[in-house]
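S.K.: Here's my sequence, what's the structure:
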Amino acid sequence: MKIAFVVEAFPVLSQTFVLNQITGLIDRGHQVDIYAEFKESLEKVHTDVRKYDLLSRTFYHPKVPKALGYRFLKGLWLFLIHFPFAPLLLLRSLNIFKYKKDAASLRLLYATIPFVKRRPAYDVIQCHFGLLGIKGMLLRDIGAMQGKLLTAFHGVDISQNLRLFGVSIYDDLFAQGDRFLPISYHWQQRLIELGCDPQKIVVHRMGIDCQRFAFLPRAIEPGAPVRLISVARLTEKKGIEYGIRAVAAVLRQFPNLEYTIVGDGELRIELAALIQTLGVTQQVKLLGWRNQTEVVELLQRSHILLAPSVTAKDGNQEGIPVALMEAMAMGMPVISTYHTGIPELVEAGISGLLVPERDSEALAAKLHQLVSHPEQWASIAQAARLRVEQLHDIHCLNDQLVQLYQQLQPPSLSPTPLPKLALN
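M.R.: Numbers count the residues shown, from 1 in each chain. Below you'll find the predicted structure:
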C-alpha cells in the first residue's frame, strides 16, 4: 500500500510513536511518504530517521509567515510561480466560499505547494492529531491527494483545541473522514460526545518496541543512590513541578536520592528556579533532550520513573505518555496520576502507583513508599511489563493498523469465471 503521513513537524524527538508507526509500515513492505509543516533541529534525531533515510521521504510546505502582510506577499509569489503547473489546484485552495478561514488565511495555499508538480494517489492518508486531520481532509477535497482518511487523536486535540476553536471544530472532519483512531477508551468516549459516529471509531493505542526495552529487575546497591527519572517536555501538562516538589520533600528523610529530568520546553527556566528555591540543585538535574538510544541508557540505570501528568490551565491534556510504556517495559516501578487514559495502562497498585493530579504530597507519599520498600518493586515490575506487552507492543499494533487500512480498501477486482459449457 501507499501511505501518506500528515504531521505538524518531522522529525520530532518527543514523538517516537509516529516514528515507530512509519518504520513499522516500511518494514512491512509499504511505501510511506511524510508531509510536514516544518522540521525541528536535526542536531539530535532518533537513529531510525537516518537508518530509514526518512528525510528523503519527507515533503515540507513553505513556512507560513505570522505577519499578514508578508504572508500575502509571499503567497502571491508562490501562486504566480507555481500557477502554470497546477492552475486549478491552486485556485481551489483559494476558494474562500467553501474553505473560509483556511483559504482566506492562505494556509491551504501554502500546504498545497508540495503537490503542484506531483498529484499522488495513496491508499491511506494517516493524520496525527485532529487539526492535521482537518488539513488532510482539505488537501484531499481540493484534489491534492487521494486516499482513505484516518485521524489519530492523542489528547491536546480534544482538550485544549476545543477551548481554542470551539467544540464544533471537527464536525466536517467527522462527516468526511473514514476512520478515527483515539489512543484510549477515554478519548473514544470524548469523540462520541462530540458527535463522531461510533461506527467510525477504532481505539488504536500508541506503542513501543518491547524488544528494544529489555526487562531489567531493579535493585539498590549498598550505599548507592536511588535514581529517579522523568522523560517529558517541560510543559505544564507534564506536571514536572509536582515531581520536583515531591522529591524535595522525600529528600528530607532519604537524602540519597537523585532525580534526572530528561526533556526541554518553555518551563525550563521556571523549573530551574524552583529547583534553586527548594535547595535541591545537587540532587535534581535538568538534562535537556536526548535521543532514544540515550534515553534507554538513562532508563537502564534508573530505579523509579515519575510521570505526574496534569490538566493544564488552558485545558491541555495528555494521551498516555510513551515514557511510561518504556519504563514499565524495562521493569521500572512508575508513579503517575489519574489523568485521561493513564489508568488504562497503569493499574493502580498492580502495575504502578497513581495519585491525584497536582498533589505533590500524595506523590511524595507514594515515592516514600517505594523508596522504603524496594521489596515491592519486583511484583510491580513484572505486572508492568506484562501490561505493556498486552496493550502497547508496537509490532502487534502495526499489524492491527495494516489490517485496518486493508479493511478500508475496495475489494480487488478479479475476472468473473466463465460459465462451464454443457457437453452434449
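
S.K.: For the rest of this, base every contact and every neighbour count on C-alpha atoms.
M.R.: Will do.

S.K.: Now do the helix or strand harbouring residue 48: which elements does it pack against?
M.R.: Per DSSP states H and E, residue 48 falls inside helix 47-51. In terms of contacts (3 or more CA pairs under 8 Å, 6 or more residues apart in numbering; DSSP states H and E), helix 47-51 is packed against helix 16-27.

S.K.: how close does residue 217 sit to residue 173?
M.R.: 46 Å (CA to CA, to the nearest Å).

S.K.: okay, the two: which has more neighbours?
M.R.: Legend: neighbour count by other CA atoms under 10 Å for residue 217 and residue 173, higher for residue 173 (24 against 16).

S.K.: three-state assignment of the more buried one?
M.R.: helix (DSSP: H, G, I helix; E, B strand; the rest coil).

S.K.: what about the nearest residue to it once chain neighbours are set aside, helix or strand, and which?
M.R.: Leaving aside its chain neighbours, residue 173 sits nearest to residue 134 (6.0 Å; criterion: CA to CA, 6 or more residues apart in numbering). According to DSSP H and E, residue 134 maps onto helix 130-141.

S.K.: Can you tell me the strand partners of the following helix or strand past that helix and which way each runs?
M.R.: Later in the chain than helix 130-141, the nearest helix or strand by DSSP H and E is strand 146-153. Paired strands of strand 146-153, with direction, are strand 121-128 (parallel), strand 179-182 (parallel) (DSSP bridges).

S.K.: tell me the most buried of those strands?
M.R.: strand 179-182 (a mean of 26; mean count of other CA atoms under 10 Å).

S.K.: So what's the model's average confidence on whichever helix or strand comes after that one?
M.R.: Later in the chain than strand 179-182, the nearest helix or strand by DSSP H and E is helix 185-193. For helix 185-193, the mean pLDDT works out to 97.

S.K.: Report the buried residues of helix 185-193.
M.R.: For helix 185-193, burial by neighbour count (16 or more other CA atoms under 10 Å) applies to 185, 186, 187, 188, 191.

S.K.: ok, now which ones touch the second one?
M.R.: Applying CA atoms under 8 Å, 6 or more residues apart in numbering to residue 186 gives the contacts 340, 341.

S.K.: still on that earlier bit, now do the buried residues in the helix holding residue 134.
M.R.: For helix 130-141, by 16+ other CA under 10 Å, it's 130, 131, 132, 133, 134, 135, 136, 137, 138, 139, 140.

S.K.: relative to strand 146-153, how tilted is it?
M.R.: In terms of direction (axes from the mean of the first three to the mean of the last three CA atoms, to 10 degrees), helix 130-141 departs from strand 146-153 by 170 degrees.

S.K.: quick one, strands of the stretch 301-424 of the chain?
M.R.: 304-307, 334-337, 353-355 (DSSP state E, counting those that start in this stretch).

S.K.: I'd like the strands paired with strand 146-153 as a markdown table, with distance to residue 85 and mean pLDDT appended.
M.R.: Shown next, in a markdown table, are the strands paired with strand 146-153 (distance: least, CA to CA, whole Å; pLDDT from 0 to 100):
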| stretch | distance to residue 85 | mean pLDDT |
| --- | --- | --- |
| strand 121-128 | 18 | 97 |
| strand 179-182 | 33 | 98 |
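
S.K.: Could I get these in a markdown table, plus columns for distance to residue 363?
M.R.: Formatted as a markdown table, those follow (distance: least, CA to CA, whole Å):
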| stretch | distance to residue 363 |
| --- | --- |
| strand 121-128 | 32 |
| strand 179-182 | 28 |
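
S.K.: So for residue 283, which of these sits nearest?
M.R.: strand 121-128 (37.3 Å; CA to CA).

S.K.: Name the residues that touch the closest one?
M.R.: 1-7, 18, 133, 136, 145-154, 405, 409.

S.K.: For PyMOL, write a command that selects the buried ones of those residues.
M.R.: Of the contacts of strand 121-128, the buried ones can be selected in PyMOL as follows, counting by 16+ other CA under 10 Å:
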select buried, resi 1+2+3+4+5+6+7+18+133+136+145+146+147+148+149+150+151+152+153+154+405
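
S.K.: where does this structure dip in pLDDT?
M.R.: Within the chain, the stretches with pLDDT under 70 are 41, 412-424.

S.K.: Which parts of it belong to which domain?
M.R.: 2-60+119-200, 211-388 (automatic domain parsing).

S.K.: possible to save the ones you listed as CSV with distance to residue 77?
M.R.: Formatted as CSV, the domains of the chain follow (distance: least, CA to CA, whole Å):
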stretch, distance to residue 77
domain 2-60+119-200, 17
domain 211-388, 34
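
S.K.: re earlier: can I get the buried residues of helix 130-141 in TSV including distance to residue 29?
M.R.: Below are the buried residues of helix 130-141 laid out as TSV (distance: CA to CA, whole Å):
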residue	distance to residue 29
130	27
131	29
132	25
133	25
134	28
135	27
136	23
137	26
138	28
139	26
140	24
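
S.K.: Now do the helices in the stretch 301-424 of the chain.
M.R.: With DSSP state H, counting those that start in this stretch as the definition, the stretch 301-424 of the chain shows helices at residue ranges 322-329, 342-345, 360-372, 377-391, 394-407.

S.K.: Packed most tightly, which of those helices would that be?
M.R.: helix 322-329 (a mean of 26).

S.K.: tell me which strands and helices that one is in contact with?
M.R.: strand 304-307, strand 334-337, helix 377-391.

S.K.: repeat that with 7 Å
M.R.: helix 377-391 (3 or more CA pairs under 7 Å, 6 or more residues apart in numbering; DSSP states H and E).

S.K.: what distance separates the helix it packs on from the centre of its chain?
M.R.: 22 Å (CA atoms, centre = their mean, to the nearest Å).

S.K.: can you check stretch 16-34 too?
M.R.: On CA atoms, centre = their mean, the centre of stretch 16-34 falls 14 Å from that of its chain.

S.K.: got the buried residues for it?
M.R.: Buried residues in stretch 16-34 (16+ other CA under 10 Å): 16-25, 32-34.

S.K.: do stretch 299-313 as well
M.R.: 299-300, 302-312.

S.K.: Give me the nearest residue to residue 92, chain neighbours excluded.
M.R.: residue 142 (5.9 Å).

S.K.: about what we covered before: and the buried residues of helix 185-193, which is closest to residue 166?
M.R.: residue 191 (13.8 Å).

S.K.: State the distance from that closest one to residue 124.
M.R.: 21 Å.

S.K.: circling back to that earlier point, could you dump the buried residues of stretch 16-34 into TSV and include distance to residue 379?
M.R.: Shown next, in TSV, are those (distance: CA to CA, whole Å):
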residue	distance to residue 379
16	28
17	27
18	31
19	31
20	29
21	31
22	34
23	33
24	31
25	35
32	41
33	43
34	42
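
S.K.: Okay then, goodbye and thanks.
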